[in-house]
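# Sharing a model prediction with you, sequence too.
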Amino acid sequence: MQAVVNYAPDPHSVELRDVETPQIGEDEVLLEVEAVGVCGSDLHQWTAQHSWPVNYPVTLGHEFGGALVEIGKNVTGWNKGDRAVSETAAVIDLGSPMTRKGLYNLDPQRKGFGYGVNGAMTRFVRVPARCLHRVPDHLPMRIAALTEPCCVAYNAVVKNSRIQPGNRVLVIGPGPIGILCGAIARLQGARVAVLGLEHDRPRLKIAEEYGCEKLVGNQSATEWAREDDGLGADTVIDAAGVSLTLRLAIDVVRPAGWITKVGWGRQPLDFSLDPLVQKNVTLQGSFSHYWEIWERVLSLLATGKLNLNPLIGGTWPLEQWEKAFEQMHSGLIAKSLLVPE
């Protein structure tokens with residue numbers, strides 16, 4: 001079978017390769033992939049701008065869903081043909097303190113699909129049964145396959161931020177995670193603006209479809225955050241892929257406000273954090289997700305209250321993976337989907 005493989009740490013070291021169909025273990029299933037989303041982290045590995053270790057060569061793809069075609073002998077509660085999506089924590093230490101309290105996303109030994117183990121940009125992927133979540137019958141797989149980025153946003157906004165109805169929330173970065181953060185904050189009753197650059201206007205237009213206001217440039221963000229009482233936004237969610245945006249977040253958040261950083265940026269900081277102290281601001285990191293979040297997000301998607309159709313910019317066969325990557329990387333669309341055949 002063919003797979004989209006990241007084979008080296010150099011820029012654009014990704015290609016379509018023939019790979020073996022994986023053999024499953026006793027506690028695993030073999031899932032036939034129906035749809036797999038392209039994530040910003042896939043693009044970062046493609047351009048060699050990532051800041052995490054990668055086990056080369058590795059098949060990309062961690063946003064996926066499909067049908068089970070083979071079941072390990074220790075797996076119960078699942079049958080061939082069942083529709084499922086998978087969490088990303090492919091390898092965890094079951095005995096670690098973080099895993100034992102349910103926060104296996106924070107287990108230092110965690111390895112995810114697409115960088116630590118082979119992912120789903122292929123036809124068949126091997127998945128630990130503990131990672132599976134059942135997809136409601138009426139939920140299209142092209143939507144269910146994007147449960148994972150929705151979970152990242154849900155964790156950042158609902159679990160790791162302090163947002164109340166009527167709050168002013170600024171989201172920095174109109175990538176898929178930023179747009180989803182804005183959409184979920186709107187569901188919480190917040191007034192939300194999403195900030196981007198001039199070339200981000202196509203994605204900012206998508207954010208508007210979720211009821212968010214669009215902002216271009218740092219000055220507009222400062223003005224928006226302070227337009228009520230001059231003190232700033234109640235919450236800032238930093239979903240940009242650079243470190244420098246944290247400086248803007250600290251500048252525009254109100255005293256005793258909240259900053260949640262969900263975007264990755266490998267650049268070092270070169271500014272003082274004193275304003276964080278002076279304003280008594282809470283700075284919160286947000287990483288990945290866990291079982292409860294997946295169940296809640298799937299339920300939310302099943303109700304249609306979180307509509308992902310505006311986010312999906314196109315669907316391509318696996319052979320056209322490069323076009324799908326380029327469309328996202330250019331900023332022309334927010335999310336690409338690949339459909340293995």
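Happy to help now that I have it.
# surely L338 meets V38?
Yes - with contact defined as Cβ atoms under 8 Å, L338 counts as touching V38 (6.6 Å). Quick note: C-beta positions are derived from backbone N, CA and C, even for glycine.
# shared neighbours, these two?
Common contacts of L338 and V38 (Cβ atoms under 8 Å, 6 or more residues apart in numbering): G61, A324.
# Give me the phi and psi angles of the nearest residue to P149 once chain neighbours are set aside.
Using Cβ to Cβ, 6 or more residues apart in numbering and skipping the chain neighbours, the partner closest in space to P149 is P176 (5.4 Å). Main-chain dihedrals, P176, degrees, to the nearest 10: phi -60, psi -40.
# again, but for the one 10 residues further on
Recorded main-chain torsions at R186 are phi -60, psi -40, according to degrees, to the nearest 10.
# for I71, same thing?
phi -120, psi 130.
# Could you look up the SS state of the closest residue to it other than its chain neighbours?
Distances taken as Cβ to Cβ, 6+ apart put V29 closest to I71, at 5.5 Å, once the chain neighbours are dropped. Per DSSP: H, G, I helix; E, B strand; the rest coil, the local secondary structure of V29 is strand.
# V262 versus D270, what's the distance?
Distance, D270 to V262, by Cβ to Cβ, to the nearest Å: 22 Å.
# Can you pick out the residue with more neighbours from the two?
Neighbours were counted for D270 and for V262 using other Cβ atoms under 10 Å; V262 has more, 26 against 8.
# Do I have it right that that one meets I237?
Yes - at 6.5 Å, V262 counts as touching I237 under the criterion of Cβ under 8 Å.
# Overlap of the contact sets of these two?
Listed as contacting both V262 and I237 by Cβ under 8 Å, 6+ apart are A156, C181.
# if I read this right, V36 contacts T59, doesn't it?
No - using Cβ under 8 Å, V36 makes no contact with T59, being 10.1 Å away.
# Show me what counts as buried in stretch 312-326.
I312, G313, W316, L318, Q320, W321, A324, F325 (16 or more other Cβ atoms under 10 Å).
# which one among these gets closest to D42?
Among those, F325 lies closest to D42 (Cβ to Cβ), at 7.2 Å.
# how about the closest one, what does it touch?
By Cβ under 8 Å, 6+ apart, the contact list for F325 reads V14, V38, D42, L43, W46, S336.
# ok, then the element right after the helix or strand in which R247 is found?
Per DSSP states H and E, R247 falls inside helix 245-252. Next along the chain after helix 245-252, taking DSSP H and E as the criterion, comes strand 253-261.
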